[in-house]
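Chemist: Sharing a model that was predicted from the sequence below.
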Amino acid sequence: MSLASVLSLSACIVVAFCLAPWLRSAWVIAEPDEWLLCIRNGKVVGAGIGISIWRRPGDIVARFSSTVQRVRFSVDARTAEHLALRVEGFILWSVSPDAEGAFRAFSKLGIVNLNHAQGRSAAPKSRAHLLTSAQHHAFQALLAAEVRAHVSSRSLGELLTEPNTLVQGLSERFASLSSALGIRIERTEILEVQPVDPKLLKDLSARSEEGIREEAEGARLEAAERLGAQKAAANARQASLDLSARLAAVEGDRQVVLREGESAVERQLAAEAGALQVLEARREREEGELELALDRVRRTAEVERDAALARGAAEERKSQAVRDLELAKLIAERATAAMESWQIRDAKWVSLGDTSPATSIASMIGAVRELVGKGP
C-alpha cells in the first residue's frame, strides 16, 4: 500500500472518529409517550409523538411528555356580594395534539426539554412531568386569576348550590386560556366551595337546616294527611263493607220474615180454605137439611092438602042434616070451652022480652052457625 493511500485512510478514520459523537446526537428518538419537536430558525420542521428524526447542525430538538397533567388550584375570591369565598379544584390538561399547538405550549409554558434537562437543577421530578415547580406555580396563578374573575360575577347562593354551573363557567374561561397556551383542558373539577368566614357558613347552614326542617315537617304533615286520608278511606271502605253486610243480613232477615209471612199466609189461606170447605160442607148439609125439611113440609102440606081435600070431599058428600048436627056439636063444644074460660060460679038466666030460654039458645046457635058458615 502506498503512502498516499495510508494517509487517506488515516484521514477518513480521524474524520469518522471526530464525527461519531455528532452522529450519535443527530439521531433523536422519542418514546411512545413523548413529543418530539424539531425547530429550525424558530419554526417547527418536524413534530410528532414517538417519532425519530435526523437533526441538522443548528436545529433545536425538544422532547417532552405527552401524558395528561394535573394542576390543582385553591383560590380565595370574592363573590358578587363581596363575600370571601374559597374555591378548590383541579384541571387535567395535555399538550395540544397539533404541531403548532405543541410548539406554542413549549414556547409559552416553558415546558422542560428532556434532551437538555439532565443534570439541571430546574429539571422536573419525573420525565412524565412537563413543568418545573416554578412553571407549575405560574400555571396555577393563571388558573387562579380565571377563577377569581368568574367567581366575582356570581352570587354566593349560586356558587354554593349550583356546582355544575360553576364548572361549566370555569371550563369556558379555561378554554380560551388553553387556546392561547397551546394546551387542551381535558377535565375541570371543583372539590370544594365554601365561605372563608366559618360563621357565614354556619349561618347559611342554619338557614338551610331550617328550610330542610320546614320541608321535613311539611313532608311529615303531608304524610300524616295522606295516612289520615288513607285511613279514612279504609274506614269508609270498611264501613261500606259493614253496611253491606248489615244490609245483607237485614235482607236475609226480611226474606226469612217474608217466607215466614208467606208460610203463615199460606197456612192461614189453607186454614181459611179448610174453613171454607167446612162452611161449604155445612152449607151443603144445611141446604140438604133445608131441602129435606122443605120436602117434609111440602109432603106434609101435600098430605094436609090431600086430607083437607078429602075432608072437603067427605063434607060435600055429607047430608045437610049431618052437617047441621056436626055444626051444632062444634058450637056446643066451643061454647062450653068459652064458658069454662069465663070461670063463672053462679049463673042466672035472665030473659028480656017474651022469648023463652030455649028460643034464646036456638037464636044464639043460629047466629053462631051463620058466623061459622061465613068462615074464611
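Modeler: Structure's in. What do you need? Residues are numbered from 1 along each chain as shown.
Chemist: Could I have the CA atoms of stretch 308-317 written out in PDB?
Modeler: Below are the C-alpha coordinates for stretch 308-317, written out as PDB (Å, rounded to 0.1, in the frame of the first residue of the first chain):
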ATOM      1  CA  ALA A 308    -208.300 -31.300  53.600                       C
ATOM      2  CA  LEU A 309    -209.500 -32.100  50.100                       C
ATOM      3  CA  ALA A 310    -210.600 -35.500  51.300                       C
ATOM      4  CA  ARG A 311    -212.400 -33.900  54.200                       C
ATOM      5  CA  GLY A 312    -213.900 -31.300  51.900                       C
ATOM      6  CA  ALA A 313    -215.000 -34.000  49.600                       C
ATOM      7  CA  ALA A 314    -216.300 -36.000  52.600                       C
ATOM      8  CA  GLU A 315    -218.100 -32.900  53.800                       C
ATOM      9  CA  GLU A 316    -219.500 -32.300  50.400                       C
ATOM     10  CA  ARG A 317    -220.800 -35.900  50.400                       C
END
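Chemist: Contacts for that stretch next, please.
Modeler: residue 323 (C-beta atoms under 8 Å, 6 or more residues apart in numbering). (Glycine included, C-beta is placed from N, CA and C.)
Chemist: Use 779 as the first number for this chain going forward.
Modeler: New numbering, starting at 779: the last item is stretch 1086-1095.
Chemist: How far off centre is that stretch?
Modeler: 117 Å (C-alpha atoms, centre = their mean, to the nearest Å).
Chemist: Where do the helices of the stretch 979-1128 of the chain begin and end?
Modeler: 1098-1120 (DSSP state H, counting those that start in this stretch).
Chemist: quick one: low-confidence ranges for it?
Modeler: The stretch 979-1128 of the chain contains residues with pLDDT under 70 at 983, 1096, 1116-1128.
Chemist: how much space is there between the residue positioned nearest the centre of the chain and residue 813?
Modeler: The residue lying closest to the centre of the chain (C-alpha atoms, centre = their mean) is residue 1008, at 10.1 Å. As judged by C-beta to C-beta, to the nearest Å, residue 1008 and residue 813 stand 69 Å apart.
Chemist: Okay, buried residues for stretch 958-971 please.
Modeler: By neighbour count with 16 or more other C-beta atoms under 10 Å, stretch 958-971 contains the buried residues 959-963, 966, 968, 971.
Chemist: whoops, I mixed them up, stretch 936-948
Modeler: In stretch 936-948, counting by 16+ other C-beta under 10 Å, buried: 937-938, 941, 944, 947-948.
Chemist: excluding its backbone neighbours, what's nearest residue 818?
Modeler: residue 837 (5.0 Å; C-beta to C-beta, 6 or more residues apart in numbering).
Chemist: Just give me the neighbour total for the one you found.
Modeler: 16 (other C-beta atoms under 10 Å).
Chemist: Using PDB, write out every CA atom in stretch 952-960.
Modeler: This file holds the C-alpha atoms of stretch 952-960, laid out as PDB (Å, rounded to 0.1, in the frame of the first residue of the first chain):
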ATOM      1  CA  PHE A 952     -60.200  27.800  30.700                       C
ATOM      2  CA  ALA A 953     -61.000  27.000  27.100                       C
ATOM      3  CA  SER A 954     -59.900  30.500  25.900                       C
ATOM      4  CA  LEU A 955     -56.800  30.300  28.100                       C
ATOM      5  CA  SER A 956     -55.900  26.800  26.700                       C
ATOM      6  CA  SER A 957     -56.200  28.000  23.100                       C
ATOM      7  CA  ALA A 958     -53.700  30.800  23.800                       C
ATOM      8  CA  LEU A 959     -51.300  28.500  25.600                       C
ATOM      9  CA  GLY A 960     -51.400  25.600  23.100                       C
END
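Chemist: roughly how far out does that stretch sit from the chain middle?
Modeler: For stretch 952-960 - counting by C-alpha atoms, centre = their mean - the centre lies 57 Å from the chain centre.
Chemist: now swap in stretch 1014-1032 and tell me
Modeler: For stretch 1014-1032, the distance to the chain centre is 25 Å (C-alpha atoms, centre = their mean).
Chemist: now do stretch 1035-1051
Modeler: On C-alpha atoms, centre = their mean, the centre of stretch 1035-1051 falls 52 Å from the chain's centre.
Chemist: next one: stretch 926-935
Modeler: With C-alpha atoms, centre = their mean, you get 47 Å for stretch 926-935.
Chemist: For it, the averaged confidence score.
Modeler: Here stretch 926-935 scores 91 as its mean pLDDT.
Chemist: Do me a favour and get the end-to-end distance for that stretch?
Modeler: 16 Å (C-alpha to C-alpha, to the nearest Å).
Chemist: Give me the contacts around that stretch.
Modeler: 853, 855-859, 861, 863, 865, 937, 944, 947-948, 951, 973, 982.
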